[in-house]
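[1] generate a structure from the sequence data that follows.
(chains A and B)
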Amino acid sequence: MDAVMLSRLQFAVATYFHFLFVPLTLGLSVLTAIMETQYVRTGDEEYKRMTKFWGKLFVINFALGVVTGITLEFQFGTNWSRYSKYVGDIFGSLLAIEATLAFFLESTFIGIWIFGWKKLSPKAHAACIWLVAAASNISAYWILVANSWMQHPVGYVIRNGRAELADFWAIITQPYAVWMFLHVISGAYILAAFFVMGVSGYHLLRGHEISLFKRSFKIAATFAVIFAVAEVVIGDFHGKEMMKAQPTKAAAAESVWETTTGAPMYLFVIPDEANERNKVEILGIPKLLSWVALGDKDGVYRGLKEWPKDQRPPVTATFWSFRLMVGIGLFLAVVSIAAWIRRNTPENSPGLLRLLIYCIPLPYLAAELGWTVTEIGRQPWIVYGMMKTSDAASRVAGSQVGLSLAAFIIVYTLLGIACFYLVYKYARKGPEPASVAKA
Amino acid sequence: MLETIWFLLWGVLWAVYFMLDGFDLGLGTLVPFIASNDADKRVAYNSMGPFWDGNEVWLITAGGVTFAAFPTTYAVMFSALYTPLLLLLFALILRAVALEFRSKSDNQSWQKLWDVCHFLGSFVPALLLGVAFANIFQGIPIDAEGDFHGNLLTLLNPYGLLGGILFVLLFLVHGALWLAIKAEAPLEDRAGRAAGGIWWPLLVVAVIFLVATWFATSLYTNYLTYPVLLLIPLVTVAALLATRVFIAKKAWWKAWFASSLTIVGATLFGVVGLYPNLFPSSLNAAYSLTIFNSASSPLTLKIMLGVALTFVPIVLIYQIWGYYLFKDKVTKEDLSAEEAY
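    Okay, here's the model as predicted:
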């Protein structure tokens, strides 16, 4: 394998791993903040124990999210130096702003929050976790603005042999970025809500800390239903943006080969990439695809064959990732409605609780599949229509990248195991008994 | 002009990073040698507990600003220093995870594992940062395309290693002083004695480094052209001497501030000497990356300057507040808290 492919694999490993921690950070920070606010408002010690319990899981997860993020930022320089040189004027500034605005806030106040239970008034302490939650969400906005620019570059001019900034405002407010942000954030909130419902379900099934976990469940179920239902709409708008900005990605995601007017949506498709067709196409609903993707049932859906082969993304990976992600999203929306209906008496629905435990991994899977569509679907471009991935890598020896890739895999696997062990241990153990938490 | 302002900001960001994470990394390196039992270790870990994460962001920001203000330097520097940089990142990952995970299980081997990771995660970054910066001062074998001609061993040359040792010693003194501030007796006294003891080799290495810099680099050129700049190394040396005076008086906070000034001064001494280079080439001066041939467009530099001048002061205010909030010693009661490291 050459250095480009190895660098891509390394970036994929680093990103997939990083994104195992990010969504829970984004969502659980908000949920923990809501719980602590309830404690401040009511003075009820149970909310404090709840905050500490979910906060501990949050902190374990947070640490890994932070450190694995740093390697991503620095890999643009180590492995993608030609990309960094070409677009740094724009892309670099977005990352630097993210650090200045968000990382400092997040990292400083998480420390104060963890260690400040006795140093701060309850109100000031709750304010700290709100700052952490706000900062992590702000950070998500900036990094997604940066990623959106790779998907749909705007506000630039090619000058001095590179892409230079022309319109900063256009870059940070482009609809692609706004929809992507809403899409990712909702996904993260869904993930965190299902995490809380699943862990609460585990304890409710065992009759352990019923009152505390019922309260947790209720907050999470409300959160889940709002964002899981909203995500169906947001996902559709995000998809329409993708259709406009990246027609090749859209065509690959639906595995449409021929340009079609009033394209139907097939419920079951198996792409046959080698022969530029689909092996199986059944259960077609006429004109649905054009209507969903273009907002016009007679709209023209452009097929992959409109572009030369070297400008198409890998179809099979993009298609299956997209289908699975959408399928999981719709399934979770249904489950979240069921959970919300039973939000006041979840302990009477053991079947639902068991289902919710098994649902914990699903939003994780959906999020990783979503990134697969986003990044593989953008290929062969690193910046869509502007720069090819193959022109972007550093000229470092393949052996060097191979070695670091191996190191990434080993270190991340071990860290993943250690983190999973701790989260599993503390999630099952449940909150500290009331007397200890008070001390 | 914009480029020069950004160059100075770039230097200041690195200086602040070394000053803040310097005590974490130094203390992390010192722990196995100074802690006589588990409680000592936990005092050391908890003394950096509320701070290390915020400190590390200065590194992320220094990296991010290199990317934003001098993208060509970012691209060349980070790919040329590929292996040391990834080693640095892995080490910092281990450090962070060790802090967060160690006390979350009572299992002895679990704790021992993270103790080792914490030591490596502190010592390796301290050493590598010194090696990297000393190499930048003396020049890196990069060609006209910015491609690196060398390997990890190229960087482990005598002057590079000298820089690494200097950083480790600077951080050790800095970290020992932090522990003296945060620990109660008798650990406090041991930490103070360690700071005083390590100060002597630090002095020796600092003198050797300043002399070697004359022969190995062209950092002094700027100082000979503008002798007023010599104030920077003079203040740095004065701060280093003051550190020892305050250690003798057991005035830990004052000694720590003097040590902070030493680290900031040492960084700025190098950075100012480097100007206008950011990443000099040892193959041919024409291949060197300077603030002029690697900067971002004026528009980007202006927008980023607005962001930096607005938000960095705010960051400083809340970080100083955080330090003020946790200025007291780590007590037994602190260690018994559910969330303590």
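[2] can you pull out the strands in the chain?
    I'll assume chain A. A:156-159, A:162-165, A:260-261, A:265-272, A:277-285, A:300-301, A:381-383, A:387-388 (DSSP state E).
[3] looking at chain B here, not the other one
    Here chain B has its strands, by DSSP E, at B:277-279, B:289-290.
[4] up against chain B, what does the stretch 251-400 of chain A have?
    A:Ser394, A:Arg395, A:Val396, A:Gln400 (CB under 8 Å from any CB of the partner chain). Bear in mind the C-beta positions are built from the backbone N, C-alpha and C, glycine included.
[5] top of these by number of neighbours, please.
    Of all these, the highest neighbour tally under other CB atoms under 10 Å in any protein chain shown goes to A:Ser394, namely 30 neighbours.
[6] quick check, it in contact with A:Lys85.
    No. Assessed by CB atoms under 8 Å, A:Ser394 is found out of contact with A:Lys85, at 9.8 Å.
[7] please enumerate the shared neighbours of those two.
    By CB atoms under 8 Å, 6 or more residues apart in numbering or on different chains, A:Ser394 and A:Lys85 have these common neighbours: B:Ala75.
[8] for A:Ile226, see how far away A:Tyr189 is.
    8 Å (CB to CB, to the nearest Å).
[9] who has more neighbours, these two?
    For A:Tyr189 and A:Ile226, the more surrounded residue by other CB under 10 Å is A:Tyr189, and the numbers stand at 26 against 16.
[10] state the distance from the more buried one to B:Ser288.
    49 Å.
[11] what about the spatially closest residue to A:Gly284 that is not a sequence neighbour, how many residues close to it?
    In space, and not counting its chain neighbours, A:Gly284 is closest to A:Pro264: 4.1 Å by CB to CB, 6 or more residues apart in numbering or on different chains. Residues lying near A:Pro264 (other CB under 10 Å) number 17.
[12] verify the stated contact: A:Pro264 with A:Ile285.
    Yes. Assessed by CB under 8 Å, A:Pro264 is found in contact with A:Ile285 at 6.0 Å.
[13] and the closest residue to chain B within the stretch 251-400 of chain A, what does it touch?
    Closest residue of the stretch 251-400 of chain A to chain B, CB to the nearest CB: A:Ser394 (3.8 Å). Residues in contact with A:Ser394, defined by CB under 8 Å, 6+ apart, are A:Ala3, A:Ser7, A:Thr78, A:Asn79, A:Trp80, A:Ser81, A:Arg82, B:Ala75, B:Ser79, B:Tyr82.
[14] was I right about the second one contacting A:Ser81?
    If I follow you right, that is A:Ser7. No. Assessed by CB under 8 Å, A:Ser7 is found out of contact with A:Ser81, at 10.2 Å.
[15] identify the contacts common to the two.
    A:Ala393, A:Ser394.
[16] next, format the residues of the stretch 251-400 of chain A next to chain B as a markdown table and append pLDDT.
    Shown next, in a markdown table, are those (pLDDT from 0 to 100):
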| residue | pLDDT |
| --- | --- |
| A:Ser394 | 89 |
| A:Arg395 | 86 |
| A:Val396 | 85 |
| A:Gln400 | 88 |
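[17] could you pick out the residues of the stretch 201-341 of chain B near chain A for me?
    Going by CB under 8 Å from any CB, the residues of the stretch 201-341 of chain B near chain A are B:296-297, B:299-300, B:303-304, B:307-308, B:311-312, B:315, B:318-319, B:322, B:325-326, B:337-340.
[18] re earlier: who has more neighbours out of A:Ser7 and A:Ser81?
    Ranked by neighbour count (other CB under 10 Å), A:Ser7 and A:Ser81 place A:Ser81 first, with 29 against 24.
[19] doesn't B:Val76 make contact with the more buried one?
    Yes. Contact criterion CB under 8 Å: A:Ser81 and B:Val76 qualify, at 6.5 Å.
[20] mutual contacts of those two, please.
    Here A:Ser81 and B:Val76 have B:Gly146 as joint contacts, going by CB under 8 Å, 6+ apart.
[21] mind listing what residue 252 touches?
    Defaulting to chain A. A:Ala252 sits next to A:Leu304, A:Arg312, A:Pro313, A:Pro314, A:Val315, A:Thr318, A:Phe319, A:Gly377 when contact means CB under 8 Å, 6+ apart.
[22] switch to chain B, that's the one I care about
    Contacts of B:Trp252 by CB under 8 Å, 6+ apart are B:Leu177, B:Ala180, B:Ile181, B:Glu188, B:Gly192, B:Phe246.
[23] for chain A, see how far away the spatially closest residue to the first one that is not a sequence neighbour is.
    Across the structure, with CB to CB, 6+ apart as the measure, the residue nearest B:Leu177 apart from its sequence neighbours is B:Trp256 (4.3 Å). Between B:Trp256 and chain A the distance is 19 Å, computed by CB to the nearest CB, to the nearest Å.
[24] so B:Trp256 makes contact with B:His174?
    Yes. Assessed by CB under 8 Å, B:Trp256 is found in contact with B:His174 at 7.1 Å.
[25] these two: which has the busier surroundings?
    B:His174 (31 against 23).
[26] show me the contacts for that one.
    Residues near B:His174 by CB under 8 Å, 6+ apart: B:Met19, B:Gly22, B:Phe23, B:Gly26, B:Trp256, B:Ser259, B:Ser260, B:Ile263.
[27] most neighbours among those residues, which one is it?
    B:Ser259 (32 neighbours).
[28] which non-adjacent residue is nearest residue 39?
    Using chain A here. Nearest to A:Tyr39 is A:Tyr47, by CB to CB, 6+ apart, at 3.6 Å.
[29] the chain in question should be chain B.
    Nearest non-adjacent residue to B:Ala39 (CB to CB, 6+ apart): B:Leu335, at 6.8 Å.
[30] and what of A:Phe408?
    That would be A:Val13: by CB to CB, 6+ apart, it lies 5.2 Å from A:Phe408.
[31] A:Lys118 too?
    Nearest residue to A:Lys118 in three dimensions, chain neighbours excluded: B:Ala337, at 7.7 Å (CB to CB, 6+ apart).
[32] and the gap between that neighbour and B:Ala98?
    For B:Ala337 relative to B:Ala98 (CB to CB), the value is 19 Å.
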